[in-house]
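Colleague: my questions concern the predicted model and sequence given below.
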Amino acid sequence: MDIDFNKNEDRNKLKLSDLRKKLAEIKLGGGKNRIEKHHAKGKMTARERIDYLLDPNTDSIEIGALAGDGMYAEHGGCPSAGVVIKIGYIQGKQCVVVANDATVKAGAWFPITGKKNLRAQEIAIENKLPIIYLVDSAGVYLPMQDEIFPDKEHFGRIFRNNAIMSSMGITQISAVMGSCVAGGAYLPIMSDEALIVDKTGSIFLAGSYLVKAAIGESIDNETLGGATTHSEISGVTDYKAKDDKDALDKIKKIVGKIGDFEKAGFNRIESKKPVENPEDIYGILPASRGDQYDMLEIIKRLVDDSEFEQYKEGYGKTILTGYARIDGWAVGIVANQRKVVKSKKGEMQFGGVIYSDSADKATRFIANCNQKKIPLVFLQDVTGFMVGSKSEHGGIIKDGAKMVNAVSNSVVPKFTVVMGNSYGAGNYAMCGKAYDPRLIVAWPSAELAVMSGNSAAKVLLQIEKASLEKNGEKLDTEKEKALFDKIKQRYDNQISPYYAAARLWTDAIINPLETRKWISMGIEAANHAPIEKKFNMGVLQV
């Protein structure tokens, strides 16, 4: 091992350690004191409920664990957006589970909470997966109601999606394990089946205080909308459970009787581990985002038997395309090559940059995967498309547009891993969040932005200098450096993978060694939804 490998390994493992610390902190939700108060009421926490519900000793993946990180400080924060979402197995069946975390503002919905819930429903709809709601929420967080209540992608969209999923035959089961008030009361009742926990669960459009204020009626919450009321009088719920575990056991029995599903038919054989050691990824991936490395070496440590059959190996070399298997699943990989390569004309091309020939190759490969019904995996470490007169005259915009078109119209499931840079239009062409990947994850080394922090700071500095000089103020070298550093620090914060994950631009930041699990579980989920559309790129300027 050389010194650079060791330095890279140390830096990447340090980033991984920071991630683990952050996740451990977030998993405490509203904190130890609130967890203790929750337990004192005879209730399990959101994470305890999910852990009990999912089959033991099976894989699961958590969506949006870092959602809300660093946001809403003036409101006391919102760890994990106040809701826990996992994809896992219940009685051997893959499901999406959504659990309100009542230790965070009594499970109230912040704007990011709504976005995260909608993401869970999107995953269930795209993959036709059963979805389980474990409800324990005080409803909309009123101080921010204008950002969560009325718009198309706000709170009301949840219930619209309930109706859409019902029409699609997607199983929805709700367990009311705490508060379920106002508009939120529609969620369990729009599900296929609803359970309620005695004494701790309640459902009503308006609580006892509001009822007293509105119509003068004096009534307690339990009589108004408790388990006995809704199981024996209103008929709103289908099952009454004596406690949390009893409710979760009932869900297991219901899910265990769900019939088999029609499959998309993606190719899978027996899984094989990579021959090359996946741990080497930490040493291969450079500490600096500007350094070069061979993406092929990363691929060999992600795919079964370290086998990668390259497509057009000698053409368009700044993008690697080819076929492989991940946990037995056949996949087509589109990856940015990060080392300097020589083009077909003998010209040197920068790693991480998309050139016309690379875009053309990727477009053709994506079309082939759609024809063969092979899921696509995008490995992003991209600085953007090549610029300059030579590229413009060569039609880089046209070739880039063809690649974006192919990604946009692709009908096979797509999965995106942001390993390093994810800048500008490169993010789009390599299947960023806007292009509907079934799952999109980042490594701790990722950066997402229009351009790098250094480049952006230079551009913003020139704008700032021009503005100051227009007002007769000039900057000396020292002041210019101080301003540059200030701008860069602010921008660097925004390109962090944590900033992206907090806003759900990615589904998670993961340990690189978990990449195979995420892609495998993602394809397994996608296999629940047969492809109903044909691949068609529409009108193109050839």
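Modeller: Received it, and whenever you're ready, just let me know what you need. Residues are numbered from 1 along each chain as shown.
Colleague: leaving out the residues flanking it, which one is nearest to residue 280?
Modeller: Once flanking residues are discounted, residue 280 sits nearest to residue 301: 5.8 Å by C-beta to C-beta, 6 or more residues apart in numbering. No exception for glycine: its C-beta is placed from N, CA and C like everyone else's.
Colleague: surely that neighbour meets residue 282?
Modeller: No - using C-beta atoms under 8 Å, residue 301 is not in contact with residue 282; the gap is 10.1 Å.
Colleague: neighbours of the residue nearest to residue 280, just the number please.
Modeller: Look at residue 301: counted by other C-beta atoms under 10 Å, it has 20 neighbours.
Colleague: tell me who's in contact with it.
Modeller: The contact partners of residue 301, by C-beta atoms under 8 Å, 6 or more residues apart in numbering, come to 274, 276, 277, 278, 280, 281, 284.
Colleague: what about the strands in the stretch 201-350 of the chain?
Modeller: For the stretch 201-350 of the chain, the strands defined by DSSP state E, counting those that start in this stretch cover 239-241, 309-310, 319-326, 329-336, 341-342, 348-349.
Colleague: for these, which one sits closest to residue 152?
Modeller: strand 329-336 (31.6 Å; C-beta to C-beta).
Colleague: and that closest one with strand 319-326, angle?
Modeller: Interaxial angle, strand 329-336 versus strand 319-326 (axes from the mean of the first three to the mean of the last three C-alpha atoms, to 10 degrees): 160 degrees.
Colleague: which other helices and strands does strand 329-336 contact?
Modeller: Here strand 329-336 touches helix 295-300, strand 319-326, helix 356-372, strand 376-382, helix 515-526, going by 3 or more C-beta pairs under 8 Å, 6 or more residues apart in numbering; DSSP states H and E.
Colleague: can you list those in CSV and add mean pLDDT, mean neighbour count and distance to residue 482?
Modeller: Shown next, in CSV, are these (pLDDT from 0 to 100; neighbours: other C-beta atoms under 10 Å; distance: least, C-beta to C-beta, whole Å):
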stretch, mean pLDDT, mean neighbour count, distance to residue 482
helix 295-300, 98, 21, 37
strand 319-326, 98, 23, 40
helix 356-372, 97, 21, 40
strand 376-382, 98, 27, 32
helix 515-526, 98, 22, 40
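Colleague: in the stretch 201-350 of the chain, where is pLDDT below threshold?
Modeller: The stretch 201-350 of the chain contains no residues with pLDDT under 70.
Colleague: the stretch 1-150 of the chain too?
Modeller: Counting by pLDDT under 70, the stretch 1-150 of the chain contains low-confidence ranges at 1.
Colleague: quick one, helices of it?
Modeller: For the stretch 1-150 of the chain, helices defined by DSSP state H, counting those that start in this stretch occupy the ranges 3-26, 32-40, 46-53, 111-127.
Colleague: which positions within the shortest one qualify as buried?
Modeller: Spelled out, that is helix 46-53. For helix 46-53, burial by neighbour count (16 or more other C-beta atoms under 10 Å) applies to 46, 47, 48, 49, 50, 51, 53.
Colleague: what angle sits between that helix and helix 32-40?
Modeller: 50 degrees.
Colleague: rewinding a little: same list (the buried residues of helix 46-53) but as CSV, adding distance to residue 457.
Modeller: Shown next, in CSV, are these (distance: C-beta to C-beta, whole Å):
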residue, distance to residue 457
46, 40
47, 40
48, 45
49, 46
50, 42
51, 44
53, 47
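Colleague: tell me which of the residues you listed is nearest to residue 168?
Modeller: Using C-beta to C-beta, residue 53 comes nearest to residue 168 of the buried residues of helix 46-53, at 23.0 Å.
Colleague: just checking, that closest one touches residue 93?
Modeller: No - look at residue 53 against residue 93 with C-beta under 8 Å: they stay out of range, at 11.7 Å.
Colleague: still on that earlier bit, with distance to residue 319 added, can I get the helices of the stretch 1-150 of the chain in JSON lines?
Modeller: As requested, the helices of the stretch 1-150 of the chain are exported to JSON lines (distance: least, C-beta to C-beta, whole Å):
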{"stretch": "helix 3-26", "distance to residue 319": "23"}
{"stretch": "helix 32-40", "distance to residue 319": "48"}
{"stretch": "helix 46-53", "distance to residue 319": "39"}
{"stretch": "helix 111-127", "distance to residue 319": "26"}
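Colleague: and the residue nearest to residue 226 when sequence neighbours are not counted, what does it touch?
Modeller: Of all residues not flanking residue 226 in the chain, residue 202 sits nearest, at 5.4 Å (C-beta to C-beta, 6+ apart). Taking C-beta under 8 Å, 6+ apart as the criterion, residue 202 is in contact with 176, 178, 179, 180, 181, 196, 221, 222, 224, 225, 226, 227.
Colleague: quick check on the residues you listed: which are buried?
Modeller: The buried subset of the contacts of residue 202 (16+ other C-beta under 10 Å) comprises 176, 178, 179, 180, 181, 196, 221, 224, 225, 226, 227.
Colleague: next SSE downstream of the one helix or strand the second one maps to?
Modeller: Secondary structure from DSSP states H and E places residue 178 in strand 172-180. Where DSSP H and E defines the elements, the next helix or strand beyond strand 172-180 is helix 186-189.
Colleague: residue 121: neighbour count?
Modeller: Neighbour count for residue 121, taken as other C-beta under 10 Å: 23.
Colleague: now it. Nearest residue, chain neighbours left out?
Modeller: Spatially, and ignoring its direct neighbours in sequence, residue 121 is nearest to residue 161 (4.4 Å; C-beta to C-beta, 6+ apart).
Colleague: list the residues that contact that neighbour.
Modeller: The neighbours of residue 161, taking C-beta under 8 Å, 6+ apart as the test, are 118, 121, 125.
Colleague: of the helices of the stretch 1-150 of the chain, which is nearest residue 377?
Modeller: For residue 377, the closest of the helices of the stretch 1-150 of the chain is helix 111-127, at 16.2 Å, according to C-beta to C-beta.
Colleague: buried residues in that closest one?
Modeller: Residues 111-121, 123-127 are the ones in helix 111-127 that count as buried (16+ other C-beta under 10 Å).
Colleague: same check, this time on stretch 250-262
Modeller: Residues 250, 251, 254, 255, 261 are the ones in stretch 250-262 that count as buried (16+ other C-beta under 10 Å).
Colleague: other residues contacting that stretch?
Modeller: Stretch 250-262 has contacts (C-beta under 8 Å, 6+ apart) with 53, 90-93, 95, 128, 130, 132, 171, 173, 175, 193, 195, 239, 241, 528, 530.
Colleague: stretch 513-521 too?
Modeller: If you take C-beta under 8 Å, 6+ apart as the criterion, stretch 513-521 is touched by 59, 61, 87, 94, 271, 278-279, 281, 302, 326-329, 331, 377, 415, 417, 439, 441, 443, 508, 510.
Colleague: quick check: closest non-adjacent residue to residue 53.
Modeller: residue 248 is the one closest to residue 53 (C-beta to C-beta, 6+ apart), at 4.9 Å.
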